[in-house]
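Visitor: what follows is a predicted structure for the sequence shown.
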Amino acid sequence: MTTTPQQLAELALGRGQRQEISIDGHLTRYWRYPGSTTDAPVAVLIHGYRGNHHGLEAIAGSLVEYDLLIPDLPGFGESEPLAGKHTVETYSAWLRVFVAKLAPSASFVLGHSFGSIVVSAAAATGLKTPLVLVNPVSNFNSNGLRAMLEGTVRLFYWVGGVLPEGAGTAALKAPAMVRAMSEVLTKTRNPALRGWIHKQHLANFSVFSNRKVATEGYLASIGKGVASFARQITQPVLLILGELDDITSLPDQLRTKPLFPNASSVQIGGVGHLIHYETPEIAAQHIRDFMARLDRGN
């Protein structure tokens, strides 16, 4: 019997251990999902913009052979904001410290969506582990319908940023906006899976500390992409790409691959930007295959 993404997430949730660490005087909450053996290798998973650790629990439920650490990004979920601006540079500096303190011998570091940018920036400035980038955001120039959609989102965040604090925060957290985003990004036609994904977004997509975090995080997410850092990343990289990705098109993701000195890629058909929700078992198997190749030295 096939285990559904919801069941995988629930399995991970059941074994998750809430922990915390202070980085530069600010609290980072993270969840440890112990592996199936006492000597399980460690890996770190970084979620995307406006998400939190729950978004990666379906993948965590698939990778039971790893001792997984999934933090809430600073300012999101239960983690405190950073002291200064929330930029790709400050997030990547935070990540380098997080890995150095808690997982210095990590088997890999995974980043989804905006997390792929943070992980890539960290790798370009000193993080040495192999990387897994799920739905990597490449940030090539958009045109046509994609550019119109991006312009609409940009306008939305601008309005949310200039309104009075209370009204702006309420606009950014509006359930109707969250649902519209979820409807666009969700590609599965399975009604039960669609319903679960919508509930996940509604529960977790607006858990940020304040409007400043949300607007600065958005600007960080559109300012630089994985392609900006690829040439500086020499360790092995696996790109897990969604055929129907609305954030970065598949052709643009494929344009990113040759920029890395040492990257491989896999494509998952029929899924867009929500690989972590819609096809976590397939993504997990690609990660296993990638790590097996590294173990064999190829």
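Guide: That came through, no problem.
Visitor: so residue 281 sits in a strand?
Guide: No - going by DSSP: H, G, I helix; E, B strand; the rest coil, the assignment for residue 281 is helix, not a strand.
Visitor: gap between it and residue 264?
Guide: When distance is defined by C-beta to C-beta, to the nearest Å, residue 281 is 19 Å away from residue 264. C-betas here are computed from N, CA, C, even on glycine.
Visitor: more neighbours: which of those two?
Guide: Between residue 281 and residue 264, residue 281 has the larger neighbour count (other C-beta atoms under 10 Å), namely 17 against 14.
Visitor: dump the residue contacts of that one.
Guide: Counting by C-beta atoms under 8 Å, 6 or more residues apart in numbering, residue 281 touches 3, 5, 8, 62.
Visitor: restricted to buried residues, select the residues you listed in PyMOL.
Guide: Buried subset of these, written as a PyMOL selection, criterion 16 or more other C-beta atoms under 10 Å:
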select buried, resi 5+8+62
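Visitor: turn the contacts of residue 281 into CSV, columns for secondary structure.
Guide: Shown next, in CSV, are the contacts of residue 281 (three-state DSSP):
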residue, secondary structure
3, coil
5, helix
8, helix
62, helix
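Visitor: tell me which of the contacts of residue 281 has the lowest pLDDT.
Guide: Lowest pLDDT of the contacts of residue 281: residue 3, 90.
Visitor: spatially nearest residue to it (excluding sequence neighbours)?
Guide: Closest residue to residue 3 apart from its sequence neighbours, by C-beta to C-beta, 6 or more residues apart in numbering: residue 281 at 7.2 Å.
Visitor: now, among the contacts of residue 281, which is nearest to residue 215?
Guide: Distance to residue 215, by C-beta to C-beta, is smallest for residue 5 among these, at 30.6 Å.
Visitor: next up, the contacts around residue 55.
Guide: With contact taken as C-beta under 8 Å, 6+ apart, residue 55 is in contact with 47-48, 112, 200, 204, 276-277.
Visitor: pretty sure it sits in a helix.
Guide: Yes - counting by three-state DSSP, residue 55 is part of a helix.
Visitor: now do it, the pLDDT please.
Guide: pLDDT recorded at residue 55 is 97.
Visitor: make a markdown table out of the contacts of residue 55 and add pLDDT and distance to residue 54.
Guide: Putting the contacts of residue 55 into a markdown table (pLDDT from 0 to 100; distance: C-beta to C-beta, whole Å) gives the following:
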| residue | pLDDT | distance to residue 54 |
| --- | --- | --- |
| 47 | 98 | 8 |
| 48 | 95 | 12 |
| 112 | 98 | 12 |
| 200 | 97 | 7 |
| 204 | 96 | 5 |
| 276 | 98 | 10 |
| 277 | 98 | 10 |
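Visitor: many thanks, we can stop here.
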